[in-house]
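**Q** structure, please.
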Amino acid sequence: MLQIETYPPVNGNQYLRLSGRLDTHTHVELETALAPLLDAGPRALVLDIAHLEYISSAGIRTLLRARKALAPEGGQVLLLHPPPQIRKVIDLARAVPLEAVFDTRHEADAYLDRIQQGVLDGDLDMPDDGTP
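**A** Next up is the predicted model:
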């Protein structure tokens, strides 16, 4: 079972909290929840996965699809609070760049602030793949 909590966007960033299992049986629920959010074109999709117990290859594909959907506009997927077993799978699958995985929301917000300020100052261009 997968629980998905969606929060209102903050500064163009969309936040969600995932709990339970993201697997062959539940990945469609996440894809369905993400579709309208990705269509809105957030700067970042921030997923709090502290309470995610398990992720399968189907869950990894869902994360990769989200990254691909956001990349043309320079958006990205960030992960917060990954449990050790989830972090290991994500690292091995290279589903999300390591610099987009954060232990706290404060770290993720500071990262997003730096990127946005860099773009405003003209010091940082957003590459096509969504990574800074």
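
**Q** which stretches in the protein count as helices?
**A** Using DSSP state H, the helices found in the chain span residues 27-39, 57-70, 84-93, 105-121.

**Q** let's check: the centremost residue of the protein is which one?
**A** residue 77 (2.9 Å; CA atoms, centre = their mean).

**Q** which strand of this structure spans the most residues?
**A** Selection of the longest strand in the chain by residue count, based on DSSP state E, yields strand 44-55.

**Q** counting by contacts, list what that strand packs against.
**A** In terms of contacts (3 or more CB pairs under 8 Å, 6 or more residues apart in numbering; DSSP states H and E), strand 44-55 is packed against strand 13-22, helix 27-39, helix 57-70, strand 76-80, helix 84-93, helix 105-121. C-beta: built from backbone N, CA, C; applies to glycine.

**Q** quick one: low-confidence residue ranges for this structure.
**A** Across the chain, the ranges flagged by pLDDT under 70 are 95, 98, 119-120, 122-132.

**Q** can you rerun that using 50?
**A** 125-132 (pLDDT under 50).

**Q** circling back to that earlier point, in the sheet, which residues pair with the residue nearest to the centre of the chain? Tell me.
**A** Per DSSP bridges, the residues bridged to residue 77 are residue 45.

**Q** hang on, the earlier thing: and among the helices of the chain, the most buried is which?
**A** helix 57-70 (a mean of 18; mean count of other CB atoms under 10 Å).

**Q** which other residues reach that helix?
**A** 22-24, 26-27, 30-31, 34, 38, 41-42, 44-45, 47, 75-77, 89-90, 93, 95-96, 130 (CB atoms under 8 Å, 6 or more residues apart in numbering).

**Q** equivalent analysis for stretch 36-48, please.
**A** Contacts with stretch 36-48, where a contact means CB under 8 Å, 6+ apart, come from 6, 9, 11-18, 34, 63, 66, 69-70, 73-81, 105, 108, 112, 116.

**Q** now that stretch - C-alpha only, CSV.
**A** The C-alpha coordinates for stretch 36-48 follow below in CSV (Å, rounded to 0.1, in the frame of the first residue of the first chain):
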residue,chain,number,x,y,z
PRO,A,36,-1.3,17.0,-13.1
LEU,A,37,1.5,18.2,-10.9
LEU,A,38,4.1,17.6,-13.6
ASP,A,39,1.9,19.3,-16.2
ALA,A,40,2.0,22.4,-14.0
GLY,A,41,5.7,22.5,-14.5
PRO,A,42,7.2,22.9,-11.0
ARG,A,43,10.8,24.0,-10.7
ALA,A,44,11.3,21.0,-8.4
LEU,A,45,9.3,18.0,-7.4
VAL,A,46,10.4,17.3,-3.8
LEU,A,47,9.5,13.9,-2.5
ASP,A,48,9.7,13.2,1.3
